[in-house]
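Undergrad: mind folding the following:
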Amino acid sequence: MPHKIKRIKKGLEIKAALRGERKGSYLFDIYIKNNELGHSRFAVITRKTLGKANKRNKIKRRLMGIINTLRNEINHIGDIIIIPKKGILEHKVSEILYEIKKKLTVNENS
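TA: Take a look at the predicted model:
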């Protein structure tokens, strides 16, 4: 059985990760901060401006599902926070997956 995604749950750890490196996109902002745990941990933060609770939960489920499919390809070891921007649900899952992959994987050629 595959391993579960490690999540950041404590508020202080999330605040610390938000002081990390920022990678922006038109769909979301990603904050990455190194940790000494030896594995990546993830959190998705949705703001109330994105919509009601059911819409925010749908965004979280969709993003965590994408991270779950990409977990073997993600090269960053650290705490990773994803903050989606308004209108993310209007885009296809494949487009969101491409953007996350572009931000969280290191290209061998670059």
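Undergrad: got a list of what the residue sitting nearest the centre point of the chain touches?
TA: Centroid-nearest residue in the chain, with C-alpha atoms, centre = their mean: residue 82, separated by 3.6 Å. With contact set as C-beta atoms under 8 Å, 6 or more residues apart in numbering, residue 82 has these partners: 28, 29, 30, 42, 43, 44, 45, 63, 67, 100. (Glycine included, C-beta is placed from N, CA and C.)
Undergrad: quick one: secondary structure of it?
TA: strand (DSSP: H, G, I helix; E, B strand; the rest coil).
Undergrad: hey, what's it bridged with?
TA: When assigned by DSSP bridges, residue 82 has beta-bridge partners residue 30, residue 44.
Undergrad: so how far is residue 37 from it?
TA: From residue 82 across to residue 37, the span is 18 Å (C-beta to C-beta, to the nearest Å).
Undergrad: format the CA atom coordinates belonging to stretch 60-70 as PDB.
TA: C-alpha atoms of stretch 60-70 as PDB (Å, rounded to 0.1, in the frame of the first residue of the first chain):
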ATOM      1  CA  LYS A  60      -8.300  21.200  -1.000                       C
ATOM      2  CA  ARG A  61      -9.300  17.700  -2.100                       C
ATOM      3  CA  ARG A  62      -8.400  18.400  -5.700                       C
ATOM      4  CA  LEU A  63      -4.900  19.800  -4.800                       C
ATOM      5  CA  MET A  64      -4.100  17.000  -2.300                       C
ATOM      6  CA  GLY A  65      -5.100  14.500  -4.900                       C
ATOM      7  CA  ILE A  66      -2.700  16.100  -7.400                       C
ATOM      8  CA  ILE A  67       0.100  16.100  -4.800                       C
ATOM      9  CA  ASN A  68      -0.700  12.400  -4.100                       C
ATOM     10  CA  THR A  69      -0.200  11.600  -7.800                       C
ATOM     11  CA  LEU A  70       3.000  13.600  -8.000                       C
END
